[in-house]
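# Mind folding the following:
(chains A and B)
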Amino acid sequence: DIVMTQSPLSLPVTPGEPASISCRSSQSLLDSDGNNYLDWYLQKPGQSPYLLIHLGSNRASGVPDRFSGSGSGTDFTLKISRVEAEDVGVYYCVQVLLIPITFGQGTRLEIK
Amino acid sequence: QVQLQQSGPGLVRPSQTLSLTCAISGDRVSSNVAWNWIRQSPSRGLEWLGRTYFMSKWHNEYAESVKSRITINPDTSKNQFSLQLNSVTPEDTAVYYCARWQHVRHTFDSWGQGILVTVSS
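This is a model prediction of the structure:
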């Protein structure tokens, strides 16, 4: 199974400041079609997870442009350019290249 | 817009069978997507359990960790799919989610509301 490792696991951020979450996979997520099969999901308190970024860098419909995804192969980053109070929750990177689909441990973003 | 509504008991006795249902609105269970079960617990985090999908015929794929105990079945007459997990132990205590998977984008684009299932005597 592909192991997904996120850092940090806890991320206190001042509103208006940037934030960055790192995700590393135990094997490359870059497929022969040129796509990186890495998604980012956010789980807000008391809610189900929902899609933020797919194929490494593509924002899902309705996701604010302050969220961006980058990276390739085994190293990926989710960046929030200016954190807002509504961004609190747990962020997960997910490899969607191979079955079984596997999730990172999650990064809890909190507001300072 | 697709909606997934989960139902099932919140308490299951050890060694018994956990059974959950995910009712689909806004899509068909036989459409070109996959229907998944995922669980979440403090000890195991988010764990993909398996999926069912129709591509010329019905296919099922399961995580090795539960493969001997799990069945996911589509029900075309009720437009829903189900999860059965046999011989449960307290380690199966978790919030269980159903989710739709888009084959083209490789994403879970819709999730159920989640059900907390506790395995306890």
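# residue contacts, the closest residue to residue A:83 other than its chain neighbours?
Leaving out its chain neighbours, the residue that sits closest to residue A:83 by Cβ to Cβ, 6 or more residues apart in numbering or on different chains is residue A:13, at 4.5 Å. To be clear about C-beta, it is placed using only N, CA and C from the backbone, and glycine gets the same treatment. Residue A:13 makes contacts with A:19, A:80, A:83, A:109, A:110, A:111, A:112, as judged by Cβ atoms under 8 Å, 6 or more residues apart in numbering or on different chains.
# Regarding the fourth one, what is its secondary structure?
Yep, that's residue A:109 we're talking about. Three-state call for residue A:109 (DSSP: H, G, I helix; E, B strand; the rest coil): strand.
# And it, how close does it get to residue A:42?
9 Å (Cβ to Cβ, to the nearest Å).
# Then the last one?
Counting by Cβ to Cβ, the gap between residue A:112 and residue A:42 amounts to 19 Å.
# quick one, phi psi at the residue lying closest to residue B:90 once chain neighbours are set aside?
Spatial nearest neighbour of residue B:90, excluding adjacent residues (Cβ to Cβ, 6+ apart): residue B:119 at 5.0 Å. Backbone torsions of residue B:119, given as degrees, to the nearest 10, read phi -100, psi 110.
# from what I can see residue B:119 touches residue B:17, true?
No - counting by Cβ atoms under 8 Å, residue B:17 is not a contact partner of residue B:119; they are 10.8 Å apart.
# hmm, which of the contacts of residue A:13 are the buried ones?
Listed as buried from the contacts of residue A:13 are A:19, A:80, A:83, A:109; burial here means 16 or more other Cβ atoms under 10 Å in any protein chain shown.
# now the residues you listed as TSV including secondary structure?
Output for the buried ones among the contacts of residue A:13, formatted as TSV (three-state DSSP):
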residue	secondary structure
A:19	strand
A:80	strand
A:83	coil
A:109	strand
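# continuing past the one helix or strand residue A:76 maps to, what's the next helix or strand?
Remark: residue A:76 resides in strand A:75-80, with elements defined by DSSP states H and E. The helix or strand immediately downstream of strand A:75-80 is strand A:89-95, counting by DSSP H and E.
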